[in-house]
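In: for reference, the sequence and a predicted model appear below.
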Amino acid sequence: MQITGGDIKLMSMFRDARHSLSPARRIPATVTFRPRAVLVTGGARRIGRAICEALSARGWQVVVHARTPGDEDAVALADRLGGKPVFADLSRQGAADGLFADTLAAAPDIRAVVCNAAVFSTAMELPPDEAAKLATVNVEAPLRLVELLAGHLADRGERGSAAYLLDCRILRQPAEEDTPYAASKRALWRAVRADAVRFAPTLSVNGVAPGPVLPPADAENREKGGPMLLPRRPSPGDVAAAVGFLLEAGAVTGQVLAVDSGQSILT
């Protein structure tokens with residue numbers, strides 16, 4: 001095959017572009033993904049606990065986050081899994097930075113973060129202080145944690161992964177809800193692709209959108225299952241398996257995996 005002058009110019013352009021990349025985007029081709037430590041926010045209960053248990057079984061050292069210092073469930077789970085507990089109230093401005101610093105101190109070889117912690121509300125409107133809290137916990141803190149992980153790994157010349165926990169209801173078209181909570185999950189949905197591009201090749205960034213996994217114990221507030229294509233509700237273990245797959249899937253980024261028994265594709 002004959003190489004033309006245009007080909008040479010194009011190759012030169014690619015070479016110049018590669019050398020102009022910021023350190024966050026220049027990763028040696030020989031670097032391979034190896035499971036190490038993972039931070040799971042909201043990891044002490046419900047879906048978060050299932051994620052921690054599943055990742056530990058896959059060989060990860062799990063850093064279990066809880067909001068309240070000394071949270072007994074977080075301490076017990078971390079002890080049982082051979083992990084570490086960390087504590088931070090993510091509704092506070094700047095708390096994500098402190099949480100990441102504590103995570104590094106507990107597990108220096110951090111390679112992944114699972115952003116599971118969230119404030120849930122069915123209200124169509126919220127008072128300003130509650131709306132600000134929801135936005136901080138559900139959007140600002142996850143985005144900041146992923147950004148901090150990307151910068152840390154880039155400085156070390158390593159690769160890692162991140163997963164945002166969404167909600168299958170935001171995937172339906174037209175949107176099923178227009179609450180502040182739904183808006184916060186849609187913001188994370190948009191961030192999946194944006195961050196996948198922004199932090200490549202340092203991080204793979206994906207999302208998991210659970211369906212009606214855990215109905216509240218209070219029958220009056222029980223979450224309705226709704227119509228599904230498959231005969232059972234998804235379980236916390238189903239969600240955890242999806243998270244584990246995406247954290248370790250070296251050729252997958254910018255994707256959202258719905259774990260909802262087909263609910264999100266019904267109109």
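Out: Received, thanks. Source: prediction; values computed, not measured.
In: quick one: the helices in the stretch 51-200 of the chain?
Out: Remark: helices of the stretch 51-200 of the chain, listed N- to C-terminal, are 72-81, 95-106, 128-135, 141-156, 180-198; assignment by DSSP state H, counting those that start in this stretch.
In: does the nearest residue to W60 once chain neighbours are set aside count as helix, strand or coil?
Out: Using Cβ to Cβ, 6 or more residues apart in numbering and skipping the chain neighbours, the partner closest in space to W60 is V38 (4.8 Å). In this view, the C-beta of every residue, glycine as well, is placed from N, C-alpha and C. Applying DSSP: H, G, I helix; E, B strand; the rest coil to V38 yields a three-state assignment of strand.
In: could you give the bridge partners of V38?
Out: When assigned by DSSP bridges, V38 has beta-bridge partners V62, A112.
In: residues contacting it?
Out: When contacts are counted by Cβ atoms under 8 Å, 6 or more residues apart in numbering, V38 touches L55, W60, Q61, V62, V63, I110, R111, A112, V113, V114, L247.
In: mind doing that once more with 10 Å?
Out: Applying Cβ atoms under 10 Å, 6 or more residues apart in numbering, one finds that V38 lies in contact with 51-52, 55-56, 58, 60-64, 83, 103, 107, 110-114, 160-163, 243-244, 247.
In: got it, and D89?
Out: Under the criterion of Cβ under 10 Å, 6+ apart, the contact partners of D89 comprise A66, R67, T68, P69, A95, G98, L99, K133, T136, V137, A141.
In: now do the second one against R45, distance only.
Out: Per Cβ to Cβ, to the nearest Å, R67 is found 11 Å from R45.
In: equivalent analysis for A251, please.
Out: The span separating A251 from R45 equals 32 Å under the rule Cβ to Cβ.
In: these two: which has the busier surroundings?
Out: For A251 versus R45, the count of surrounding residues by other Cβ atoms under 10 Å is larger for R45: 16 against 5.
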